[in-house]
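[1] what's the 3D shape of this:
(chains A and B)
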Amino acid sequence: MRTFIKLLVSDLKQFYRDRTALFFTFAFPLLFMMVFGLAFSDDNGMSYEIGLVDEDRSPASEQISTVLKQVSIFNVEQVDNLDQELVRLRKGYIRGVVVIPDGAQANIAMGKVSSITVYYDPSQSTSSSIILSTLNQIANQINQQLTNQPVLIQVEEQSVQTHDLRYIDYLVPGILAMSILFLGLFGSLTMVERREKKVLKRFGATPVGRAKLLASQVVYRLILAIIQASLIIILASLVFKVTVIGSWFELFGIILLGTLAFISIGYFVVVRARTVEGAMPIIQLVQFPMLFLSGIFFPVEMMPTFMRPVVNALPLTYVADALRQIMVQGVPLNPMWLNVAVLGAWLVVCVTLAIRFFKWE
Amino acid sequence: MTQKFVNHYVAQIENLVKCYGDVRAVDGISFQVCRGEVFGMLGPNGAGKTTTVEIIDGLRAADSGEVTVLGMDVKRVPGRIKEKIGIQLQSPSLLPLLNLEETLSLFASFYKRSLPIDYLLDILALKESRKVFVKNLSGGQQQRLSVAMALVNDPEIAFLDEPTTGLDPQARRGLWDVIEDMRRKGKTVFLTTHYMEEAERLCDRIVVIDHGKIIATGSPSELVSRYFKERAIRFSVNPTPTKEILKEFPGVIEVAIDGEDVLVYSDQIPATMSAILRYAEETNLTKQLKDLHVRQATLEDVFLKLTGRKIRE
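    Below is the predicted model:
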């Protein structure tokens, strides 16, 4: 035990003295969260820039324009030149163009159908669908008013979440998952470096057991994971008012389980690498797809269906989902038991393989 | 095996073989190390010294042969042996962001018993640099730290692999004192070295190995007198005479030429000397003849004779 504690304290001391490691472990995820969080902070009151071309210039079209301008998620700018507006749409400055065609009032007066044209960019699928459905709703309302039909059925919107999920609420568990990924995967590099520089050989010349060397490394990483996660959660609550809704116990349980799983994956993938230079690209190759395909920055739903098997195979998907469920009670991707089971399975398989194949010298 | 026999030898090596591919790095070596002696292993680079020592230490497995250290089989109980021996590896890189004192204290924690850190820092003259990070230590300081690490568990046998390489003369002498002090305390030191002067001064017994085989064993003075009844005349000259010419001189037994340096072993020093001087006059090389002197044969001469190479090649 004395040996184990000495090893652990030595590792922590070295970490504390290594500025690069300090920065990448603690400052980097915080910076990342600040940059992303601030960049998308007005997400809640997000409004879409809409161009409005009123060709009719009648009291009726005036009325429609007024209704449109009152919609909170639209930021309507009334212009005359349609072509110019379409160019702006193509370049992505605006999200849609609404055109009230000439003769709208006349048609309405005659009881004929009058169409309002909407230009949108289908590549912006989310914003386009929101704009289209909002416009349809407005059209319905106006129709009802014009025809004086009573409203018999009304859809009342009620969010399934107990509170509105902002992007930052989505992002913070993602940042936590990302930092667990880094902390775990890169953990094995220390061992590769010590093997390469014959530090392990020097340890091997003493009676100290390999299990102790490994255990101290793992516990050291877990301690870092707890500190790192706490810093992220504290900053997220101070700056972005993100609060942990679920149980703290479960939250840190998943953080530790995730870190263990990624440590074991990290050890497994470098079993054959002789040098740090050789191990680095392997780890990056493992880390890169997970960063983008595990739904840590944007929802998995936004990915094409054919990518789903890949998404479902990545362990980070389950860490992010579990953390999100616990922290902000986001919409579950998987049941909690599945998240835990998948992480446990990765852990057991990779530990077994790493122990079987890891070369000490 | 009697108890006395076990006590007398702290390490017994029987017919050790280790191959790397087709190369027989260690080719059937047998020797014993006695309790309380400074035992030297000499040999040119690539002779198999490090491999032999690492097998004895339990860091490497032999292909065949028996190694018994302190009465225990290295293959069976490497952990128990490591508890009682100290190993200094050539230029190990350690944990760069620990300071010297922390490094020693960490290694001390690996053993059941250990020497006080202050004592180790003191005998190796490292007290002033105790708070220096390992990565900032000078070469000499790192070298002394690696010796201190080998001694941290107060070992029965210390295996020191070229411990004075890279040390200044003063530090080297300090380390010699440490080694002699260990002998006084009844500890055993297993030394590999490049410095013949060091081996001659420190070692009670020596084995010389080359190409994985032992080519000579004995105390330094035994080795010198066994291989050299003659003494050596040394000089440098340009151009050097050929070996054939020199061998014709009276009394000459062996000749070695290395660049401008000529070494002539002779059992009739005056006759050989005058032949050399006469040769220089006849060939008009008197002015080029430099540094002519006669000396006793040393371990270095034995080494040169046995291996055909200088040890530092």
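[2] Count the residues that sit near residue B:185.
    8 (other Cβ atoms under 10 Å in any protein chain shown). For every residue, glycine as well, the C-beta is placed using N, CA and C.
[3] Mind giving me the packing neighbours of the helix or strand hosting residue A:36?
    Here residue A:36, judged by DSSP states H and E, is contained in helix A:28-39. Helix A:28-39 sits against helix A:167-185, helix A:210-240, with contacts defined as 3 or more Cβ pairs under 8 Å, 6 or more residues apart in numbering or on different chains; DSSP states H and E.
[4] Next to chain A, which bits of chain B? Give me the list.
    By Cβ under 8 Å from any Cβ of the partner chain, the residues of chain B that approach chain A are B:57, B:59, B:79-80, B:82-83, B:87, B:89, B:92-98, B:102, B:105-107, B:109-111, B:133, B:149, B:153.
[5] who's in contact with the residue in the stretch 251-361 of chain A positioned nearest to chain B?
    Residue nearest to chain B within the stretch 251-361 of chain A: residue A:361 (8.3 Å; Cβ to the nearest Cβ). Shown in contact with residue A:361 (Cβ atoms under 8 Å, 6 or more residues apart in numbering or on different chains): A:195, A:200, A:201, A:204.
[6] now do residue B:193
    Residue B:193 neighbours (Cβ under 8 Å, 6+ apart): B:40, B:42, B:162, B:163, B:164, B:199.
[7] most tightly surrounded among the helices and strands packed on helix A:28-39?
    helix A:167-185 (a mean of 25; mean count of other Cβ atoms under 10 Å in any protein chain shown).
[8] Off-centre distance for it?
    Helix A:167-185 sits 8 Å away from the centroid of its parent chain (Cα atoms, centre = their mean, to the nearest Å).
[9] can you give me the offset of stretch A:253-273 from its chain's centre?
    With Cα atoms, centre = their mean, you get 21 Å for stretch A:253-273.
[10] whoops, I mixed them up, stretch A:322-341
    14 Å.
[11] nearest to chain B, of the helices and strands packed on helix A:28-39?
    Nearest to chain B, of the helices and strands packed on helix A:28-39 and by Cβ to the nearest Cβ, is helix A:210-240 at 8.9 Å.
[12] how about low-confidence regions in chain A?
    Along chain A, the model assigns pLDDT under 70 to residues A:41-46, A:125-126, A:149-165, A:330.
[13] how about the strands of it, start to end?
    A:48-54, A:74-79, A:96-100, A:117-120 (DSSP state E).
[14] which helices and strands does the third one pack with?
    Okay, so that is strand A:96-100. Going by 3+ Cβ pairs under 8 Å, 6+ apart, strand A:96-100 lies up against strand A:48-54, helix A:59-70, helix A:82-90, strand A:117-120, helix A:125-147.
[15] now the angle from the longest one to strand A:96-100?
    Compare the direction of helix A:125-147 with that of strand A:96-100 by axes from the mean of the first three to the mean of the last three Cα atoms, to 10 degrees and you get 20 degrees.
[16] Okay, buried residues for helix A:125-147 please.
    A:127, A:128, A:130, A:131, A:134, A:135, A:138, A:142 (16 or more other Cβ atoms under 10 Å in any protein chain shown).
[17] Check the shortest one too.
    Of the residues in strand A:117-120, those with enough neighbours to count as buried (16+ other Cβ under 10 Å) are A:118, A:119, A:120.
[18] got the contact list for the last one?
    Same thing as residue A:120. Contacts of residue A:120 by Cβ under 8 Å, 6+ apart are A:89, A:95, A:96, A:97, A:128, A:131, A:132.
[19] what bridges to it?
    residue A:96 (DSSP bridges).
[20] gap between the residue most central in space within chain A and residue A:306?
    With distances taken as Cα atoms, centre = their mean, the residue of chain A nearest its centroid is residue A:297 (2.3 Å). The gap separating residue A:297 from residue A:306 is 20 Å, by Cβ to Cβ, to the nearest Å.
[21] go on, residue A:351?
    32 Å.
[22] how about the residues of the stretch 251-361 of chain A that lie near chain B?
    Close to chain B, as judged by Cβ under 8 Å from any Cβ, the stretch 251-361 of chain A has no residues.
[23] So the residue of chain A most remote from its centre versus residue A:301, what's the distance?
    Farthest-out residue of chain A from its mean C-alpha position, per Cα atoms, centre = their mean: residue A:110, at 51.9 Å. Distance, residue A:110 to residue A:301, using Cβ to Cβ: 45 Å.
[24] still on that earlier bit, name the nearest of the contacts of residue A:120 relative to chain B.
    When those are compared against chain B (criterion: Cβ to the nearest Cβ), the nearest one is residue A:95, at 52.9 Å.
[25] Look at the closest one and say how many residues are nearby.
    Neighbours around residue A:95, by other Cβ under 10 Å: 22.
[26] Tell me what the nearest residue to it once chain neighbours are set aside is bridged to.
    Counting by Cβ to Cβ, 6 or more residues apart in numbering or on different chains, residue A:48 is the residue found nearest to residue A:95 once chain neighbours are left out, at 4.2 Å. Taking DSSP bridges, one obtains residue A:74 as the residues bridged to residue A:48.
[27] From residue A:82, how far out is residue A:48?
    For residue A:48, the distance to residue A:82 - Cβ to Cβ - is 18 Å.
[28] okay, those two: which has more neighbours?
    Per other Cβ under 10 Å, whichever of residue A:48 and residue A:82 has more neighbours is residue A:48, with 19 against 15.
[29] right, and that one touches residue A:76 too?
    No. With contact defined as Cβ atoms under 8 Å, residue A:48 does not count as touching residue A:76 (9.4 Å).
[30] that older thread, please pick the buried ones from the residues of chain B next to chain A.
    B:57, B:59, B:82-83, B:87, B:89, B:92-98, B:102, B:105-107, B:109-111, B:133, B:149, B:153.
[31] show me what contacts the residue nearest to residue A:190 when sequence neighbours are not counted?
    Of all residues not flanking residue A:190 in the chain, residue A:217 sits nearest, at 6.4 Å (Cβ to Cβ, 6+ apart). Listed by Cβ under 8 Å, 6+ apart, the contact partners of residue A:217 are A:11, A:187, A:190, A:191.
[32] returning to that earlier point: the residue nearest to the centre of chain A and residue A:28: what is the separation?
    15 Å.
[33] Over to residue B:109?
    Distance from residue B:109 to residue A:28, by Cβ to Cβ: 33 Å.
[34] repeat for residue A:342
    27 Å.
[35] The two: which is more packed in?
    Higher neighbour count among residue A:342 and residue A:28: residue A:342, with 21 against 15, using other Cβ under 10 Å.
[36] The closest residue to that one other than its chain neighbours: what's it in contact with?
    Excluding the flanking residues, the one nearest residue A:342 by Cβ to Cβ, 6+ apart is residue A:318, at 4.7 Å. Contacts of residue A:318 were listed using Cβ under 8 Å, 6+ apart, and they are A:334, A:338, A:339, A:342, A:343.
[37] Strands - which of the buried ones among the residues of chain B next to chain A land there?
    residue B:87.
[38] what helices or strands is the helix or strand containing residue B:276 leaning on?
    Applying DSSP H and E as the criterion places residue B:276 in helix B:269-282. Packed against helix B:269-282 by the contact rule (3+ Cβ pairs under 8 Å, 6+ apart) you find strand B:231-236, strand B:261-266, strand B:290-295.
[39] Next, the angle helix B:269-282 makes with the last one.
    Read that as strand B:290-295. Going by the same axes, to 10 degrees, strand B:290-295 makes 170 degrees with helix B:269-282.
[40] Residues contacting strand B:290-295, please?
    Taking Cβ under 8 Å, 6+ apart as the rule, strand B:290-295 contacts B:231, B:232, B:233, B:234, B:235, B:236, B:237, B:269, B:273, B:276.
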